[in-house]
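Participant: predicted coordinates and the sequence they were generated for:
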Amino acid sequence: MSAVAVFWSALLVLVYTYVGYPLAIWLLARLRSRPVARAPQHPMVAIVIVAHNEAHRLQSKLQSCLAQDYPAQRLRIVVASDGSTDGTQELIESMGDPRITLLAFPQRRGKAACLNDAVAACREDVIVFNDARQPLNREAVRCLVENLADASVGAASGELVFVDEEFSPFAQGVDAYWRYEKFIRQQEARFGSVVGVTGALYALRRECFRPIPPETILDDVLIPMQAAMQGRRVVFESRAQAYDRPSQSPQQERLRKVRTLAGNFQLLAMRPELLLPWCNPLFLQFVSHKVLRLAAPFLMALLLLANLALLGSGAFYVLAFALQLGFYALPLIGRKWERAGRSRAVRLAGAFLLLNGYVLLGLREFLVNKNAHLWRSKSAAPGSTPAASTAKGKQ
């Protein structure tokens, strides 16, 4: 393939991935919108939380679950302790609430194995999956369950809302990227189904659950995709919210994002049928939203190398090369000059390049770390869970 063909192919795929697909799914959502037939209902619900040494913040999380605007007699909380050694069992016993069930597993096996066992121990009609860290708004369970009144819906994702008193420049870039991501998810849901859900908060019909391999990293993609492959919709519910703080530094974001990206590579290796349009009803969304982003850093490298080979082919390629170098230099400029680092262009460029760099680290993590499914949480001091009243960037 000639350098010209490589240049234009890489450029067009990159533009489609980050601009073309969001616009296309927005247009499809406008032309072929599928409203969800929401209705008030109160089925039996089990909130499932998997925790490993999260006692320092689990109590505030459980309190937000117990405070849900949902009939107390129809709500149960199941905490699966994944080999915790920090007093999780004693904490739950001290709370003395019969609505909380503890499944204490003595050995650490990872979240996926605990989810399989926790769901098997549930007889409720609806399972609401949660992470141990993020508190919920009071309407979360009720709003998620309303979507399941529509018989075509198998799962409903809540919204992750970043909160903090003050965002660092890096956190502002992460927040802007998350807003972009939520826009895409909202349009996918309006058109039909979301690819993946917010792992911190989503509801699933228990009948749609299928056990997942214990080494699974991205349970919040595989579980809803299995529901979609049963012919059910996966929708987005912005009224159901979980609150978290954005990563304030590249080091914090790296821990979270590298694991997520390793999970995407693992998912392709574990379920290759997702790449077959006759097997995957969400083939267009899956490839456009997930797969092409994994290819993006390689396409960026091809684009730069092809452009370098074409520098003698005219002023256009010289200008294109200069623009690429300038874009890659923006984060360096932001580090050297603090005032420049506060500009929106520098923040977004820095977040974009870091996130694409994490793809390479995610690939390495998938290839070399066989225990990537064992989550290493962000360090957090007791009582550091954000409160909903500090919501910033809430949509």
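Facilitator: It's in.
Participant: only C-alpha atoms from now on, for both contacts and neighbour counts.
Facilitator: Fine.
Participant: all helices of the stretch 1-150 of the chain, in order?
Facilitator: In the stretch 1-150 of the chain, the helices defined using DSSP state H, counting those that start in this stretch lie at 3-15, 21-31, 55-66, 88-95, 111-120, 140-147.
Participant: so which of the ones you listed is the most packed in?
Facilitator: helix 140-147 (a mean of 25; mean count of other C-alpha atoms under 10 Å).
Participant: for it, give the mean pLDDT please.
Facilitator: Helix 140-147 comes out with an average pLDDT of 97.
Participant: tell me which helix or strand comes right after the biggest strand by length in the chain.
Facilitator: Counting residues, the longest strand found in the chain (DSSP state E) is strand 233-244. Sequence-wise, the next helix or strand downstream of strand 233-244 (DSSP states H and E) is helix 250-270.
Participant: check which residues of that next one are buried.
Facilitator: 250, 253-267 (16 or more other C-alpha atoms under 10 Å).
Participant: for the protein, name the helix or strand with the lowest mean pLDDT.
Facilitator: Within the chain, no helix or strand scores below helix 338-341, which has a mean of 59 by mean pLDDT, DSSP states H and E.
Participant: and what about Lys370, helix, strand or coil?
Facilitator: coil (DSSP: H, G, I helix; E, B strand; the rest coil).
Participant: Ile333: which of the buried residues of helix 250-270 is nearest?
Facilitator: Pro250 (16.3 Å; C-alpha to C-alpha).
Participant: in which helix or strand would I find Leu160?
Facilitator: Element membership for Leu160 (DSSP H and E) is strand 153-162.
Participant: sheet partners, orientation included, of that strand?
Facilitator: strand 201-205 (antiparallel), strand 233-244 (parallel) (DSSP bridges).
Participant: could you point out which element follows it?
Facilitator: Counting by DSSP H and E, what follows strand 153-162 is helix 169-191.
Participant: which strands and helices lie in contact with that following helix?
Facilitator: helix 21-31, strand 233-244, helix 344-368 (3 or more C-alpha pairs under 8 Å, 6 or more residues apart in numbering; DSSP states H and E).
Participant: among those, which is the most enclosed?
Facilitator: Greatest burial across those, using mean count of other C-alpha under 10 Å, falls to strand 233-244, with a mean of 24.
Participant: please state the offset of that one from the chain centre?
Facilitator: Its chain's C-alpha centre and that of strand 233-244 lie 11 Å apart, by C-alpha atoms, centre = their mean, to the nearest Å.
Participant: where does the stretch 151-300 of the chain have low pLDDT?
Facilitator: Scanning the stretch 151-300 of the chain for pLDDT under 70 picks out the ranges 164-174, 246-250, 252.
Participant: before we move on, the earlier item: reformat the strands paired with strand 153-162 as TSV; add distance to Ala329.
Facilitator: Converted to TSV, those look like this (distance: least, C-alpha to C-alpha, whole Å):
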stretch	distance to Ala329
strand 201-205	37
strand 233-244	31
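Participant: out of these, which is closest to Arg38?
Facilitator: Of all the strands paired with strand 153-162, strand 233-244 sits nearest to Arg38, with 10.5 Å by C-alpha to C-alpha.
Participant: pull the CA atoms of that closest one into PDB?
Facilitator: Presented in PDB, the C-alpha positions along strand 233-244 are these (Å, rounded to 0.1, in the frame of the first residue of the first chain):
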ATOM      1  CA  ARG A 233     -32.200  -3.600  24.600                       C
ATOM      2  CA  VAL A 234     -29.600  -2.000  26.900                       C
ATOM      3  CA  VAL A 235     -30.600   1.600  27.700                       C
ATOM      4  CA  PHE A 236     -29.200   4.700  29.500                       C
ATOM      5  CA  GLU A 237     -31.000   6.300  32.400                       C
ATOM      6  CA  SER A 238     -29.600   9.700  33.300                       C
ATOM      7  CA  ARG A 239     -31.900  10.100  36.300                       C
ATOM      8  CA  ALA A 240     -30.100   7.300  38.100                       C
ATOM      9  CA  GLN A 241     -26.800   8.600  39.300                       C
ATOM     10  CA  ALA A 242     -23.600   7.400  41.100                       C
ATOM     11  CA  TYR A 243     -21.200  10.000  42.300                       C
ATOM     12  CA  ASP A 244     -17.400   9.800  42.000                       C
END
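Participant: what angle do that strand and helix 140-147 make?
Facilitator: Calculated by axes from the mean of the first three to the mean of the last three C-alpha atoms, to 10 degrees, strand 233-244 forms an angle of 170 degrees with helix 140-147.
Participant: so what touches the helix or strand harbouring Leu302?
Facilitator: Leu302 is part of helix 292-309 when elements are defined by DSSP H and E. By C-alpha atoms under 8 Å, 6 or more residues apart in numbering, the list of residues contacting helix 292-309 from outside reads 3-4, 6-8, 10-11, 13-14, 17, 261, 265, 317, 320-321, 324, 356-357, 359-360.
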